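Colleague: Quick one, structure for this:
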Amino acid sequence: MSTSAPLANPARSIPRWEGVTVLLVTLACWCSVPLFLRHLSGYVDHWSNNGWRYGASALFWLPAVAWGFAHGTLPGSIWRAALVPAVANAAAQVCFTAAHGYVSPGVLTFAMRLQLVAVAAGAYLLFPAERRTIRSPRYLCGIALLLAGIAGVLLAGDDLFHGATAQGVLLALGAGFGYGAYALAVRRFMSRFHPVQAFGVIALYTAAALVACMLAFGKDRGLCVLDLAPREMWYMGISAFVGIALGHVLYYTAIDRLGVAATTGVLQLQPFIVSAGSAMLLGEALQGGQWAAGLVAVAGAALVLSAQRANESATRTVGR
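Modeller: Numbers count the residues shown, from 1 in each chain. This next block holds a predicted model:
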């Protein structure tokens, strides 16, 4: 569930309301998924959850890949290029889903803001053109606030050092780093391919890996899902569709309409909405100190994004 946009194009000149609508629906989709997964964690193991959800979602992407293959528009090199992004995506997805069994959705989504730090570190090493931005005072201040805020969310809880909670925190941080690595890998290896084909192939690889993990480690090789009550089956299906298949399509559509900065900035509201939903629906409320620390973390994320946007504006101005 990455919030980076390595394949994004500049915002196009079309009705703004269209992009805003798509972005708000994207936000709703991605806010609902942690709540579904937290509920499902009490009914199905995360290996089976991942295998079924991602396996079903890959079918959404299959027609686009098959069409390109049949019509000769799918580059042969895309299959090798997609391997590294798919590995990072699969690892992040395992951590993300498993974390819901140990920590609340609010803590999880705040901790996952760490992906911006991972992206910054990776971009500094891989993309020399961005080093000036990353070294800017605004960017570094944003990173510092982000780290302080995430630490505050984790430390302000009552039972951070309880075994299960500590494991959940490590998984959440792992998911954040994993999605950061995924974004960097997509940008490094997939930027020359059409986004639909690129993410279609990545989704197929990821689904294959997660289904293999389900068959190896899942309860009853994943067949336990067939024993779920109808409500939980519906929750799994809805979370797969809105979180993986539909959510990614809408996300990149929003970027195409509004641009990277606006889209990513609005999606920083996710931890607050998820935390409120978790309190109302699951009875898992963050403490006051955690809310305050969360505000600091998101303020840091906003500074990072504003530094990136300022650099993009300066680059465009120089290029004229």
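
Colleague: where does Tyr43 land in three-state SS?
Modeller: In three-state terms, and counting by DSSP: H, G, I helix; E, B strand; the rest coil, Tyr43 is coil.

Colleague: Could you report the neighbour count for it?
Modeller: Neighbour count for Tyr43, taken as other C-beta atoms under 10 Å: 18. In short, each C-beta sits where N, CA and C put it, glycine included.

Colleague: and what of Ala292?
Modeller: Neighbours around Ala292, by other C-beta under 10 Å: 14.

Colleague: cool, the one 5 residues further on as well?
Modeller: Neighbour count for Ala297, taken as other C-beta under 10 Å: 25.

Colleague: Give me the pLDDT value at the spatially closest residue to it that is not a sequence neighbour.
Modeller: Distances taken as C-beta to C-beta, 6 or more residues apart in numbering place Gly149 nearest to Ala297, at 2.6 Å, with adjacent residues excluded. The per-residue pLDDT reported for Gly149 equals 90.

Colleague: what's the distance between Gly149 and Pro105?
Modeller: Plainly put, Gly149 is 17 Å away from Pro105 if you go by C-beta to C-beta, to the nearest Å.

Colleague: remind me which residues of the stretch 1-150 of the chain are low pLDDT?
Modeller: Residue ranges of the stretch 1-150 of the chain with pLDDT under 70: 1-16.

Colleague: got the contact list for the helix or strand Gln115 falls within?
Modeller: In this assignment (DSSP states H and E), Gln115 forms part of helix 115-126. Under the contact criterion C-beta atoms under 8 Å, 6 or more residues apart in numbering, helix 115-126 has outside partners 2-4, 130-131, 134, 139, 143, 146-147, 176-177, 179-181, 183-184, 188, 301, 304.

Colleague: Show me which of these are buried.
Modeller: Neighbour counting by 16 or more other C-beta atoms under 10 Å classes 2-4, 130, 134, 139, 143, 146-147, 176-177, 179-181, 183-184, 188, 301, 304 among the contacts of helix 115-126 as buried.

Colleague: Next step: these restricted to helices.
Modeller: Under the assignment DSSP state H, those contribute 134, 139, 143, 146-147, 176-177, 179-181, 183-184, 188, 301, 304 to helices.

Colleague: Tell me which two in these are the farthest apart.
Modeller: For those, the maximum inter-member distance is 24.4 Å, found between Leu147 and Arg188 (C-beta to C-beta).

Colleague: OK, contacts around Ile273?
Modeller: Residues near Ile273 by C-beta under 8 Å, 6+ apart: 27, 31.
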